Every structure is written in C-alpha cells, then in structure tokens.
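> Quick check, what structure comes out for this input:
(one chain, ligands or ions: 1)
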Amino acid sequence: MSVTATSTASATILPFAESAAKITRDVRPLRLITCGSVDDGKSTLIGRLLWDTKAVKEDQAVTLARDSGGQNDLGLPDFALLLDGLQAEREQGITIDVAYRYFSTEKRSFIVADTPGHEQYTRNMATGASTADLAILLADARVGLLEQTRRHATIASLMGIRQFVLAVNKFDLVNYDREIFDRISHEFREFALSLGVRQITAIPMSALKGENVVYPATSTMPWYEGPTLVEALELATTRSTQTGGFRLPVQRVSRPGESFRGYQGTVAGGSIKPGDSVVILPSGTIANVKQIVTFDLVRNAAVAGDAITLVLDRQVDVARGDVIASLDGQPMTGLNFEGQMVALQPGGIEPGKRYWLKSGSRRQRVAVEPISQLDLQSGSWAPHASGLDMNAIGKVRLSFEEQAVFDTYEQNRSTGAFILIDPDTLNTVAGGMITAKRGELGGIRRGEPVQGDRVILSLPADLAELLMATDAFAARRDDVEIRRVSGAEAAQILTSGDKDR
Ligand SMILES: Nc1nc2c(ncn2[C@@H]2O[C@H](COP(=O)(O)OP(=O)(O)OP(=O)(O)O)[C@@H](O)[C@H]2O)c(=O)[nH]1
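The predicted model follows:
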C-alpha cells in the first residue's frame, strides 16, 4: 500500500524517503520491536502506523469505530484498540503478550512486535527483541526517559539490536517545544552510545495526531528536519547471520540404513558446498562435505536459514548438540565463557547454582557467577558478586562441566545466544549472550584462578610437553592443569581472554 496518499496531512511528497529508497532496498521485511513505559503511547503509535499505511482492512475499521464508541475529538478511532488482539488487555487495561503486526509501504514491509511496558513482562520484551532488527523506544515528551525505557534499551542491545529509534511522543502536549526534544534526545543518545549502539535516530512526534509518524509535521514542528518514523524504518538495515563462517548446530543424527549417515539441523550462519572442509566441535575432528540434502533434493550449496542434512566423506563421531563449522573462523570451544544476561524470573539468578544452559539444540550444565550489574540510571556497570534479581542485567562468568561451543553474540546471534533453565522448576530463568571466551590462562591473567583453585593453562602441544617436563610443574601438579590445544586456539584464548579487561 502506498503511504503517499493522505487524508489527514498536506504533505504527499516524501523527499527524504525518495532519496533513501535509492540508497537501500532490502527485500526482507524489517522486524521491529516497540518498547517503553506504560502509557508512553506504544499501542497508539503502532495503531497509527497501521492506519496511515492503510494496513487496516475495512472490516477492522468498522469494528474499531464501533468498539471505540465513536471517534475521538480528531474524528479518528482509538488507535490503541487496533492492537487489542487480546480481550484480556481491554479488561485489564494492559498489554500482556507479544503481538506481531504487519504493514508495508511502497518501499518495504515491516513486522512489528508490540511488547508490554510493565516490569513483570520484561521477559516478553526479550522474546520480541531476540528477532528484531531495530527497536523503537518510546518516551513521553512530558516526562522524558524513565528507568523502564533504559531497561528496555539495554535488553534490546543485549539481544544484539544495533539500531534504535527514540520516538519522543506526545509533543502536542508540550507545545511542540524544541528544547524538550533536544534535551531528551541528547540524554538518550549518551545512554545508547554507552550500550554500544551507534545508529540512533530521535524523532519528535504525536502518535495521536499522526505527526512525524507517516506524515511529516511541517506545520507544527518546522524546526525538525529529520526523517519521519516510516522514513527512518525504510532506511534501516536488517541483521544478517551470514556474516561469519559456516555453522550447523546438529539437531539430529539421521541413520536410516547402514550406508547412510547424515547430520541434520538448520544452518545458523555462513554457507557450505560439497567439497568444503569442516570441523566438528567440540571434538575438533575434520572432514569434508560429501553431500547436502534437503527433504527432497540434493543441493549444491546451503546458506543460513536452510534446514539440511549434511553427509560427510568419512565416518566421524557426531552427536546432537555438536556444531559443524567451517575451518576458517571457527567458533570458540572451552569450559569458561563470559556473557551478559537478564534475569527473567522472580527468584532471579543464584550465584554458584547449577543451571541448564540451552543454546540451539545443545543443553549443558553450567554454573553462573555474576561479576557486575548494570546500573540503569547511570548506565555504568557496578561490581556485583551476589545473585541477580528479576529484571537485573548482569555480566557473568559461565563455567561448564563439559566442553562448550559458542560464537560471541556479535559474530553470530544464534550460536552466541542462550537461555538458562532452572533444573528444579524447568522455568526459563534468564536470557543472555556470550561476549567472550574466558582466558583459560586465567591463573596468569590477573592472578585469578579458574575452576575452583586450579589454574588451567591451554598451551600448544609442544610447549605443553616442555612445561610438563619441568620440576616447577611437578611441584605444582595439584593446582595446575595443562591442556594441549592448537597454536591457533592458544592465540585465540589469549586474545579473547584480554577482552573487556
Ligand atoms: N495527547 C496525546 N496523547 C497520546 C499520544 N499518544 C498516546 N496518547 C494517549 O496516551 C494514553 C496511553 O496510550 P497507549 O497507546 O494506550 O499507551 P501504551 O504505551 O500502549 O500503554 P500500555 O499498552 O498500557 O503499555 C492514551 O490515552 C492515548 O490516547 C499523543 O501523541 N498525544
């Protein structure tokens, strides 16, 4: 549907969008989340987006007019009711689940997740954020940024979202005051930059009146020269999992007969073709791809998102939960990682307790040790060695009993993301992402032992042999463990261990 036809605004030409369209045209729909505090106007904004892009069908419009008991003083229906898929919301006056809506302009289509603003629903927000390319964060122009806005911005960044639109809403209630916009947008920009988000667009708007949403507010906010919301969305980029190397988390080993053995899963990054060499992790076995099979076809290549069965050229030991990866740019393998997580359950996260960590098809026992917690007011990380309360965002150490395989979330949002499950209740208690592998030279790095009191040295095999032959090692045999790794992996451990320090 076109967004240029308008019944409420005078502007039918969108020069910014016209030029933008020449710059980028991404065929995949852009996935967005909207978040902010209660009553900032999320439902009204999404309703307005759907209405002004003509995504509302005629029968819905009739229901809407009936349900809103007529029209508001602008002669328009109550847009918030548009999003009222759930009867409960109307009864309780709050949004209680993630609702997905679809709309499109001439240039692009969009999928929007409407996530709730209430504290206890942070978990739903994290669900919406995990698949989104961009987050629209709402703020009420009368009150500015609230803790909840900062929390949602932080979760969105934790879930890997690197594009934010700050929608400073309800400008009609502050006399379209430019100074208010400058102050709030400056404050938000500082906060978002501290989260590592660089693509930030702040837009003053009135969702209720439809100003700067689809149509520019040239008469009421002539001082604003940036894009409307829709123009900013048309320009945004989608996140891709195809930037890194090939990743196939194995979901199933298929053995229909003696002669055939295939490894099934959905490609979580990169691409593959017959003849390519791959490594099976955590074992480190190397093999070549013989065949790529989908449910009815033999393929000559597969890319991220394809569900495939991979046949290798030799008998190897592969189990559910293993990762088959390209030889170049392998994921990290180890027992100790660092991550960031948000606690999602009332009990929070207890330090030292064993949880199940689930990433893709893999489920492993893990001990979680909080290191620091994000102060949502200042945006800084404060040392924090006790548990993480519900909704708290923390940096943590993860210690596994068996070798784990991860990418950092920056490199691959599928093999770098995880959830934590409480083994007693089977509830999902946290969601998070991997930020680095912990240097297993931990005893040397800042003298901090890992794995209880033992220092683990991961060394290239030749160095390991040399060290183990020394008297010094013999004397410390009980508190030092030496692991033999490849030279490349030793280098990787050293570099990743130094990150964030
Ligand atoms: N004046 C004015 N009022 C607005 C604007 N946007 C929303 N509102 C009003 O603000 C109130 C809250 O809007 P909602 O859209 O329900 O807010 P929400 O953030 O979705 O709230 P929850 O669903 O409870 O999380 C409603 O009364 C809206 O009509 C605006 O731009 N200007």
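
> For this structure, which residue occupies the most central location?
M159 (2.4 Å; CA atoms, centre = their mean).

> While we're on that one, how confident is the model there?
Per-residue pLDDT puts M159 at 73.

> what's the spacing between it and T285?
Distance of M159 to T285, computed by CB to CB, to the nearest Å: 33 Å. (Glycine included, C-beta is placed from N, CA and C.)

> Then K42?
Using CB to CB, K42 is found at 50 Å from T285.

> Equivalent analysis for G270, please.
G270 sits 19 Å away from T285, going by CB to CB.

> Count the neighbours of the closest residue to Q411 other than its chain neighbours for me.
Leaving aside its sequence neighbours, Q411 sits nearest to G244 (CB to CB, 6 or more residues apart in numbering; 4.8 Å). Neighbour count of G244, defined by other CB atoms under 10 Å: 24.

> what are the ranges of the strands in the stretch 201-350 of the chain?
Secondary structure of the stretch 201-350 of the chain by DSSP state E, counting those that start in this stretch: the strands cover 247-249, 252-257, 260-266, 271-272, 277-281, 285-293, 298-299, 302-303, 307-312, 323-326, 332-343.

> Need the winner for burial among those strands.
strand 247-249 (a mean of 28; mean count of other CB atoms under 10 Å).

> Could you look up the SS state of whichever residue of the stretch 251-400 of the chain sits closest to the ligand?
The ligand sits closest to N391 of the stretch 251-400 of the chain, with a gap of 16.1 Å, by CB to the nearest ligand atom. Secondary structure assignment for N391 (DSSP: H, G, I helix; E, B strand; the rest coil): coil.

> Thought P346 was touching it, still the case?
No: with contact defined as CB atoms under 8 Å, N391 and P346 do not form a contacting pair (9.7 Å).

> And those two? Which one has more around it.
Using other CB under 10 Å, the more surrounded residue of N391 and P346 is N391, with 20 against 11.

> quick one: that one and I155, what's the gap?
N391 is 9 Å from I155, by CB to CB.

> now swap in D172 and tell me
D172 is 29 Å from I155, by CB to CB.

> neighbour count winner among those two?
The residue with more neighbours, out of D172 and I155, is I155; 26 against 17, by other CB under 10 Å.

> For the more buried one, grab phi and psi.
Torsion angles at I155 (phi, psi; degrees, to the nearest 10) stand at phi -60, psi -40.

> again, but for R183
Dihedral angles (degrees, to the nearest 10) for R183: phi -70, psi -50.

> Count the residues that sit near it.
Residues near R183, counting by other CB under 10 Å, number 14.

> Give me the pLDDT for it.
R183 is given a pLDDT of 97.

> what's near enough to touch the spatially closest residue to it that is not a sequence neighbour?
Nearest non-adjacent residue to R183, counting by CB to CB, 6+ apart: G144, 7.3 Å away. Residues in contact with G144 (CB atoms under 8 Å, 6 or more residues apart in numbering) are 183-184, 187.

> Of those residues, just say which sits nearest to the ligand.
I184 (14.3 Å).

> That closest one sits in which helix or strand?
Applying DSSP states H and E as the criterion places I184 in helix 178-194.

> Run through who's touching that helix.
For helix 178-194, using CB under 8 Å, 6+ apart, the contacting residues are 137, 139, 141, 144-145, 150, 153, 157, 164, 166, 168, 171, 174, 200, 202, 204, 221, 223-224, 379-380.

> could you redo the last one with a cut-off of 7 Å?
With contact meaning CB atoms under 7 Å, 6 or more residues apart in numbering, helix 178-194 is reached by 139, 141, 144-145, 150, 153, 164, 166, 168, 174, 200, 202, 204, 223, 379.

> quick one: it to chain centroid distance?
23 Å (CA atoms, centre = their mean, to the nearest Å).

> Please put the alpha-carbon coordinates of it into PDB.
What follows is helix 178-194, C-alpha atoms only, in PDB (Å, rounded to 0.1, in the frame of the first residue of the first chain):
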ATOM      1  CA  ARG A 178      12.100  22.100  20.500                       C
ATOM      2  CA  GLU A 179      14.200  22.400  23.700                       C
ATOM      3  CA  ILE A 180      12.400  19.400  25.200                       C
ATOM      4  CA  PHE A 181      13.300  17.300  22.200                       C
ATOM      5  CA  ASP A 182      16.900  18.400  22.200                       C
ATOM      6  CA  ARG A 183      17.300  17.600  25.900                       C
ATOM      7  CA  ILE A 184      15.600  14.100  25.800                       C
ATOM      8  CA  SER A 185      17.300  13.100  22.600                       C
ATOM      9  CA  HIS A 186      20.700  14.200  23.800                       C
ATOM     10  CA  GLU A 187      20.200  12.200  27.100                       C
ATOM     11  CA  PHE A 188      19.100   9.100  25.100                       C
ATOM     12  CA  ARG A 189      22.000   9.300  22.700                       C
ATOM     13  CA  GLU A 190      24.500   9.400  25.500                       C
ATOM     14  CA  PHE A 191      22.800   6.300  27.100                       C
ATOM     15  CA  ALA A 192      22.600   4.400  23.800                       C
ATOM     16  CA  LEU A 193      26.200   5.100  23.000                       C
ATOM     17  CA  SER A 194      27.200   3.700  26.400                       C
END
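
> ok, and for that helix, which residues are buried?
Buried residues in helix 178-194, counted by 16 or more other CB atoms under 10 Å: 180-181, 184-185, 187-189, 191-192, 194.

> quick one on the thing from earlier: for the ligand, tell me which of the contacts of helix 178-194 show up nearby.
Under the cut-off given by CB under 6 Å from any ligand atom, the ligand has nothing from these close to it.

> hey, what's the residue nearest to T131 when sequence neighbours are not counted bridged with?
Excluding its sequence neighbours, the residue lying closest to T131 (CB to CB, 6+ apart) is R31, at 5.6 Å. Counting by DSSP bridges, R31 is bridged to I111.

> Identify the residues contacting R31.
By CB under 7 Å, 6+ apart, the neighbours of R31 are 111, 131-133.

> how far away is the residue nearest to R183 from D40?
Distance, G144 to D40, by CB to CB: 11 Å.

> Write out the residues of the stretch 201-350 of the chain neighbouring the ligand.
Counting by CB under 6 Å from any ligand atom, the stretch 201-350 of the chain sits next to the ligand at 206-208.

> And the contacts of stretch 369-389?
Residues from elsewhere that reach stretch 369-389 (CB under 7 Å, 6+ apart): 147, 150-151, 154, 191, 194, 343, 348-352, 392-397.

> What residues are recorded as beta-bridge partners of the residue lying closest to S486 once chain neighbours are set aside?
Closest residue to S486 apart from its sequence neighbours, by CB to CB, 6+ apart: P460 at 6.8 Å. For P460, the beta-bridge partners are V485 (DSSP bridges).

> P460: neighbour count?
Counted with other CB under 10 Å, residues neighbouring P460 total 16.

> residue ranges with poor pLDDT in the protein?
Scanning the chain for pLDDT under 70 picks out the ranges 1-28, 55-99, 114-130, 239-243, 379, 439-456, 474-479, 487-501.

> and the closest residue to N300 other than its chain neighbours, how many neighbours?
Spatial nearest neighbour of N300, chain neighbours left out: K273 (6.1 Å); criterion: CB to CB, 6+ apart. K273: 13 surrounding residues under other CB under 10 Å.

> What are the boundaries of the helices in the stretch 301-450 of the chain?
For the stretch 301-450 of the chain, no helices turn up when DSSP state H, counting those that start in this stretch is the criterion.

> The stretch 51-200 of the chain now?
Under the criterion DSSP H, counting those that start in this stretch, helices of the stretch 51-200 of the chain are mapped to 58-67, 87-92, 122-129, 147-158, 178-194.
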